[in-house]
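**Q** build the 3D model from these lines:
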Amino acid sequence: MRKYIVKRLLLSVMILFCVSFIIYTLMRCLPGSFVETRAMQLSQGAGAKSYDEWMEQLNASYGLDKPIVLGFVTWVGDALKGNFGDSWKYTVPVLDKFKEVIWLSFVMGAISFVLELIIAIPLGVIAATKQYSKADYLITAGALMGISLPTFFFATLLKLLFSVKLGWFDLYGLVGRNYAQLDSWGQLMDKANHLVLPIITLVIVSVGSLMRYTRTNMLEVLNADYIRTARAKGLSEKKVIYHHAFRNTLIPLVTVVGGSLPGLFSGALITETLFAIPGIGYTSYQAMVSGDIPFSMFYMTFLAILTLAGNLISDILYAVVDPRVRIA
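**A** Here you go, the predicted model:
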């Protein structure tokens, strides 16, 4: 196992290097950027230099006048030192802005992830053990509805019902108008109130796929020969389902869940943008729209690292959960 992990880490480093180069190339080839917008603004001042002169000066300041390969090598060297530059949009070091917004996304992602597991796995097991019953049809219909609903559409419905019609929650933002006048507990509850609809959105649009996956794998296990043998030996149905069937259903589930763990840190770009929640997803979207190459590069690379880490975690957990799996 140790040798396998070392090999996978080395392979992940190579993949990360290639992915980073592709991301850097795409960032450099974007049709519009902060530099062009800034150069246009500066050139319009009284007695200012021309647009071309400002473009040349700004490109030199940000290292964009170098060839792509040389610029990427420079970026990698700085990144290895923990220096990702200053955000063009937020005018602060990229890492400082990242630390400011990442934990909000993590809290939202963690709560959504736990709720997803609590809801999806039990309902998937119930649907499988009561196949073709009313409960199965109801759970399957709910799962398909959650899978089919686009995030922006479902979020809009929630805002229309609970914010516009009922007035229970604010439409946008993380804090209310009277946030500054509240005590510490009141401020905490105010933020929690603003996170209710985003978290519901994240749970509903993601719970369906895990529910269906659980049901499918549970049905496959329940039809296995050793389950029929366990029933033939006179074991209770509860023991057959939860001691034998469910434990083997966990094997593929762990793979899926392990791959989902990095999502706790990556943020929910669409949901955060729709509700104007200043997490890593919303912040990165604003950076990308404004052509903020330093922050966008860091965020994309961060996502690549999370994806590679998630795949490695899934493989390791698969071997831990299933003693039959041995990685040579």
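
**Q** going forward, measure contacts between C-alpha atoms and count neighbours the same way
**A** Fine.

**Q** give me the mean pLDDT for stretch 65-85.
**A** Per-residue confidence for stretch 65-85 averages out to 85 on the pLDDT scale.

**Q** for the helix with the most length in the chain, packing partners?
**A** In the chain, with assignment by DSSP state H, the single longest helix is helix 184-222. Contact here means 3 or more C-alpha pairs under 8 Å, 6 or more residues apart in numbering; DSSP states H and E; on that basis helix 184-222 packs against helix 94-129, helix 134-148, helix 151-158, helix 246-260, helix 269-275.

**Q** the inter-axis angle of the third one versus helix 184-222?
**A** In terms of direction (axes from the mean of the first three to the mean of the last three C-alpha atoms, to 10 degrees), helix 151-158 departs from helix 184-222 by 130 degrees.

**Q** how about residues contacting helix 151-158?
**A** Contact partners of helix 151-158, identified using C-alpha atoms under 8 Å, 6 or more residues apart in numbering, comprise 197-198, 201, 205, 270-271, 274.

**Q** excluding its backbone neighbours, what's nearest residue 204?
**A** Taking C-alpha to C-alpha, 6 or more residues apart in numbering as the measure, residue 204 lies nearest to residue 146, with 5.6 Å between them; neighbours along the chain are not counted.

**Q** roughly how far apart are that neighbour and residue 292?
**A** For residue 146, the distance to residue 292 under the criterion C-alpha to C-alpha, to the nearest Å works out to 34 Å.

**Q** low-confidence ranges, the chain, go.
**A** Counting by pLDDT under 70, the low-confidence segments of the chain come to 1, 31-34, 61, 258-259, 261, 267, 319-328.

**Q** domains in it, by residue range?
**A** In the domain annotation for the chain, the residue ranges read 34-83, 96-321 (automatic domain parsing).

**Q** right, and the ones you listed - which one's nearest residue 12?
**A** Shortest separation from residue 12 across the domains of the chain is recorded for domain 96-321, at 6.3 Å, computed as C-alpha to C-alpha.

**Q** about what we covered before: what's the spacing between whichever helix or strand comes after the longest helix of the chain and its chain's center?
**A** Where DSSP states H and E defines the elements, the next helix or strand beyond helix 184-222 is helix 225-232. The gap between where helix 225-232 is centred and where its chain is centred comes out at 40 Å by C-alpha atoms, centre = their mean, to the nearest Å.
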